[in-house]
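Asker: I'd like to go over a predicted model; first the sequence, then the structure.
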Amino acid sequence: MAPSVDDARFAQLAALRAGIRRYLAWAEQCARDHGMTPAQVQLALAIRAHDDPAGPTLTDLAETLLLRHHSVVGLVDRAERNGFVQRERDPKNQTLVHVQLTPVGAERLEALSALHLDWLAEHGAEIGDVWRSFA
């Protein structure tokens, strides 16, 4: 028999989902306002946060973004056409391709990240309260 869930827990789950959706809706519009798709912003952030100075490989990006390899290839193709990223073959292993931000991609990500941090400074406590209510 499935455990019973009371009204307060349903309300908690709904509040969490609403907070996440509110942030994501704002972030998606912010990305579009800066000429990027939400997926391109996620890609740029994954590249920027990667610890290898050569940049992540396509496989690294697939794992980080929870996407299939061919989906990452398409995403990188589109981001490359828009001038946000570039591919570089690994000099030691020519089968590996690293993805790096271009100056344009890095500049857009910097601007968007500053806006995200401002939004989180203003609204993060509300979302944090909901998260903590599950402890």
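Answerer: All right, it came through fine. Bear in mind the structure is a predicted one, so any value in this text is a computation, not a measurement.
Asker: any low-confidence regions in this structure?
Answerer: Along the chain, the model assigns pLDDT under 70 to no residue.
Asker: any chance you could map the helices in it?
Answerer: Secondary structure of the chain (DSSP state H): helices at 7-33, 38-49, 58-65, 69-81, 103-132.
Asker: what's the last one packed up against?
Answerer: In this structure, helix 103-132 packs against helix 7-33, helix 38-49, with contacts taken as 3 or more Cβ pairs under 8 Å, 6 or more residues apart in numbering; DSSP states H and E. No exception for glycine: its C-beta is placed from N, CA and C like everyone else's.
Asker: for residue 32, what are its contacts?
Answerer: residue 38 (Cβ atoms under 8 Å, 6 or more residues apart in numbering).
Asker: that older thread, return the most buried member of the helices of the chain.
Answerer: Looking across those with neighbours counted as mean count of other Cβ atoms under 10 Å, the highest average goes to helix 38-49: a mean of 20.
Asker: what's that helix in contact with?
Answerer: Residues from elsewhere that reach helix 38-49 (Cβ under 8 Å, 6+ apart): 24, 27-28, 31-32, 36, 55-56, 61, 64-65, 75-76, 78-79, 82, 84-85, 99-101, 105-106, 108-109, 112-113.
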